[in-house]
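K.L.:
have a look; sequence and predicted model below, questions after that.
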Amino acid sequence: MALPKLSIASLGGTVSMQARTPGGGIIPTVNGATLLASVPELRTLANATVETLGLLPSASLDFEFLLSVLCWANYEIEQGAAGVVITQGTDNLEETAAFFDFLWSHDEPLVLTGAMRAATQAGADGPGNLLDACRVGVAEASRRRGVQVVMNGQIHPAQAVRKTDSMALQAFSSPNVGPAGLVLEEAVHYLRPPSPRNVLPLPQQTAQKVALLQASLSADTLLLENILRLGYDGLVIAGFGAGHLPETWANTIDAIARRIPVVIATRCGSGSTARATYGFVGGEMDLLRRGASMAGFMCPRKARILLWLLIGCQRQGQLARYLNEPAGFEA
Ligand code: ASP
């Protein structure tokens, strides 16, 4: 039987990193072909091809580049790939996963993975993660699940996954919902069925700017007051608790929300914003009255990506719908 076609791209990150000079620190230098050579087992699993689309630390990825990667992935599916796997840095993997998921219109899976240990480090996890990601990428049960992140034997849904540890091997978790599945004894096991997804059209513009601010104790309002003057097109605030802001911040929200979309998320790391619990000035009921939207379970960083994409395809008017029913979010 012919093996399924699997298209792999590498963008950089720790999975592609090694030290060039002793003591110089690790940098992305390992290309996709070398990554692929580290998983000879793949030969019996898929007919895999690989492209090196970047050698970047994930901190230097940007939306325009990701759109070009998406274009490549779409083409690969059109050419008959059963799935696509992308390796990249883990630092903002939770954001790129959401970005791709909002735009991924295929039944075929798009799987993201990376590594917490460099290619040359003892116990490097890159090859194992890549092999697991490929198993997920060709599994029939992965279809219609949108974009998923495979790390350390776990499969996480793009809209829920977060990097919750900076350097541990077990760096990713999906607060509120847990992993969607596991890779065990070389097989892919899902723990729940796929959820319905809402896919956005491609943005027609990319120059829009969406700011992300975080509420913190006794914070001044300098940045907030200048958001409009600075030319931002949207604002997300990682608020306290269930989506709360200091009174001084709340008093500036009306004027901002009259001009640009304002989304309040929780900075907590898990849980949802409220809608009808707290009545104090700066509480969620007050902020809703002032024209802000509540992000629900969506984390602030993913909410910023959603808002950027919605503005990019002139759908900011539908923000509430996407926040209440985020694409692929399994609550
Ligand atoms: N520490 C990161 C990683 O795990 C570096 C990056 O995101 O590029 O890949």
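P.N.:
Received the coordinates, thanks. Just so it is clear, the structure is predicted and the values come from calculations on it, not from any experiment.

K.L.:
return the set of buried residues in the longest helix that the chain contains.
P.N.:
Among the elements of the chain assigned as helix by DSSP state H, the one spanning the most residues is helix 63-78. Neighbour counts over helix 63-78 (16 or more other CB atoms under 10 Å) mark 63, 66-67, 69-70, 73-74, 76-77 as buried. Every residue, glycine included, has its C-beta placed from N, CA and C.

K.L.:
so who does the residue in the stretch 1-150 of the chain that the ligand sits nearest to touch?
P.N.:
Closest residue of the stretch 1-150 of the chain to the ligand, CB to the nearest ligand atom: residue 89 (2.1 Å). Residue 89 is in contact with 11-15, 28, 56-59, 61, 114, counting by CB atoms under 8 Å, 6 or more residues apart in numbering.

K.L.:
ok, and of these, which contact the ligand?
P.N.:
13-14, 57-58, 114 (CB under 6 Å from any ligand atom).

K.L.:
among the residues you listed, find me the one that's closest to residue 98.
P.N.:
The shortest gap between residue 98 and any of these belongs to residue 58, at 13.6 Å (CB to CB).

K.L.:
secondary structure class for the closest residue to that closest one other than its chain neighbours?
P.N.:
Nearest residue to residue 58 in three dimensions, chain neighbours excluded: residue 89, at 2.7 Å (CB to CB, 6 or more residues apart in numbering). Reduced to three states with DSSP: H, G, I helix; E, B strand; the rest coil, the structure at residue 89 is coil.

K.L.:
so what strands line up beside the helix or strand harbouring residue 212?
P.N.:
Applying DSSP states H and E as the criterion places residue 212 in strand 210-214. Using DSSP bridges, strand 210-214 pairs in its sheet with strand 234-239 (parallel).

K.L.:
quick one on the thing from earlier: helices or strands next to the longest helix of the chain in the packing?
P.N.:
strand 5-12, strand 47-56, strand 83-87, helix 93-103 (3 or more CB pairs under 8 Å, 6 or more residues apart in numbering; DSSP states H and E).

K.L.:
now tabulate the ones you listed in a markdown table and tack on mean neighbour count and mean pLDDT.
P.N.:
Shown next, in a markdown table, are the helices and strands packed on helix 63-78 (neighbours: other CB atoms under 10 Å; pLDDT from 0 to 100):
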| stretch | mean neighbour count | mean pLDDT |
| --- | --- | --- |
| strand 5-12 | 25 | 98 |
| strand 47-56 | 18 | 98 |
| strand 83-87 | 28 | 98 |
| helix 93-103 | 26 | 98 |
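
K.L.:
a markdown table please, covering those and showing distance to residue 240.
P.N.:
Below are the helices and strands packed on helix 63-78 laid out as a markdown table (distance: least, CB to CB, whole Å):
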| stretch | distance to residue 240 |
| --- | --- |
| strand 5-12 | 35 |
| strand 47-56 | 34 |
| strand 83-87 | 35 |
| helix 93-103 | 21 |
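
K.L.:
picking that back up, near the ligand, from the buried residues of helix 63-78?
P.N.:
Of the buried residues of helix 63-78, not one also sits near the ligand (CB under 6 Å from any ligand atom).

K.L.:
returning to what we had before: roughly how far does the residue nearest to residue 58 sit from residue 117?
P.N.:
13 Å (CB to CB, to the nearest Å).

K.L.:
so what sits against both of these two?
P.N.:
Residues within reach of residue 89 and of residue 117 at once, by CB under 8 Å, 6+ apart, are residue 14.
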